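# Got a sequence here, can you model it:
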Amino acid sequence: MRIGLLLAESRGGIGQHVASLVPRFLEAGHEVVVCAPPGTAEHFDFGDATVVVQAAGLRGCDVIHAHGYRAGTAALRDRANLRPLVVTWHNAILTTGPRGLVMRLGQRLVARGADLTLGASSDLVELAKSLGARKVELAPVAAPALPEARTPAAEVRESLGLGDGPLVLSVGRLAPQKDYPTLLSVAAAVASERPDVVFAVVGDGPLKENLQARIDAEGLPVRLLGHRSDVADLLGAADVFLLTSHWEARALVLQEAILAGVPVVATAVGGVPELVGDAALLAAAGDAAGLAAAVQEVFSDPDKAAAMRTDGLKLAAEWPDEDEVAKNLLDIYAGLVATTG
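Model (predicted):
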């Protein structure tokens, strides 16, 4: 098959996912054409795939797989030539106001225009169905390949200037979806009981100055570490991984934390509950008190923390790897080509 993969601007998990598919599709004997904006194409390694910047460059492909609503919309503009069309929904639309309305209208058009819609979480699957998608399935998503920690935990903690207190780690862009104001409230609540605790946040983004201003004003034990290339080392030193997002599909950072054996506390949003099962402690989005209590529970109950690590590793052993996901998608493409061609 000649497979077309269509991306909008990406620097994170979506681009990483597509980049992991390309060499596996090529190794299986297929031809791959990737359409992506120049910045995205430069950021990720698409190997020996043909890379184009306009969707028209995908004409002649046997199947088109668009990743995200914007990519799906681009494919629909050339619908007569770009089909059969698969669109994966990786994210929810959280934007409000007129812009959010326009985005949701586009979402409905993409739902109805695709031959197959894949949802990264069950709530996205149900949403696509409600918007008129003709065929919808839960998307196969691979567990990330976690690099081995290269630096002993004690050295990592020393490099951060930490004492013997517990370390709570979060990873994610400093943007509204991640709800870091709630994280700061969690930090304040936990610190009132454990003054030696440190919360470390990896990531950059538009909210950095506002968050730092509140950290300084309230004297919170939170460190904004910015972009880091040693997340595996930081996970190896962490006592808890905390996610406070308003919504996530299947957050790769949660999978990485579980694979690293770090107890997870997270918000019960989107696809998080189905991803973590009983291997994490969950609270409602925005529930700083509930999240703080869960973090404290991990600190105060070593047996509970050990059980969470064990349960998490058992759960992770059941996740498909990148090879399995690529094979699954190739089977999906072949079936779609056979029935629509």
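# Strands along the stretch 101-250 of the chain, start to end?
Applying DSSP state E, counting those that start in this stretch to the stretch 101-250 of the chain gives strands spanning 116-119, 136-138, 167-171, 198-202, 222-226, 240-243.
# Can you list the buried residues in the shortest one?
Same thing as strand 136-138. Residues of strand 136-138 classed as buried by neighbour count (16 or more other CB atoms under 10 Å): residue 136. No exception for glycine: its C-beta is placed from N, CA and C like everyone else's.
# elements contacting that strand?
strand 116-119, helix 122-130 (3 or more CB pairs under 8 Å, 6 or more residues apart in numbering; DSSP states H and E).
# Could you say which of those is packed most deeply?
Neighbour counts averaged per stretch over the helices and strands packed on strand 136-138 are highest for strand 116-119, at a mean of 24; criterion: mean count of other CB atoms under 10 Å.
# Give me the sheet partners of that one and which way each runs.
Here strand 116-119 is paired, per DSSP bridges, with strand 85-89 (parallel), strand 136-138 (parallel).
# can you list these in CSV and add mean pLDDT and distance to residue 150?
Compiled in CSV, the strands paired with strand 116-119 are given as follows (pLDDT from 0 to 100; distance: least, CB to CB, whole Å):
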stretch, mean pLDDT, distance to residue 150
strand 85-89, 96, 33
strand 136-138, 94, 35
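# Need the winner for burial among the strands of the stretch 101-250 of the chain.
strand 240-243 (a mean of 26).
# ok, residues contacting that one?
166-172, 178, 183, 186, 199, 235, 251, 253-254, 257, 262-267, 272, 291, 295, 298-299 (CB atoms under 8 Å, 6 or more residues apart in numbering).
# Adding distance to residue 206, write the strands paired with strand 116-119 out as JSON lines.
As requested, the strands paired with strand 116-119 are exported to JSON lines (distance: least, CB to CB, whole Å):
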{"stretch": "strand 85-89", "distance to residue 206": "24"}
{"stretch": "strand 136-138", "distance to residue 206": "32"}
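# And the ones you listed: which comes nearest residue 246?
Shortest separation from residue 246 across those is recorded for strand 85-89, at 16.9 Å, computed as CB to CB.
# mind checking how far that closest one is from the chain centre?
Offset of strand 85-89 from its chain centre (CA atoms, centre = their mean, to the nearest Å): 17 Å.
# And stretch 225-240, by the same measure?
The chain centre lies 17 Å from the centre of stretch 225-240; the measure is CA atoms, centre = their mean.
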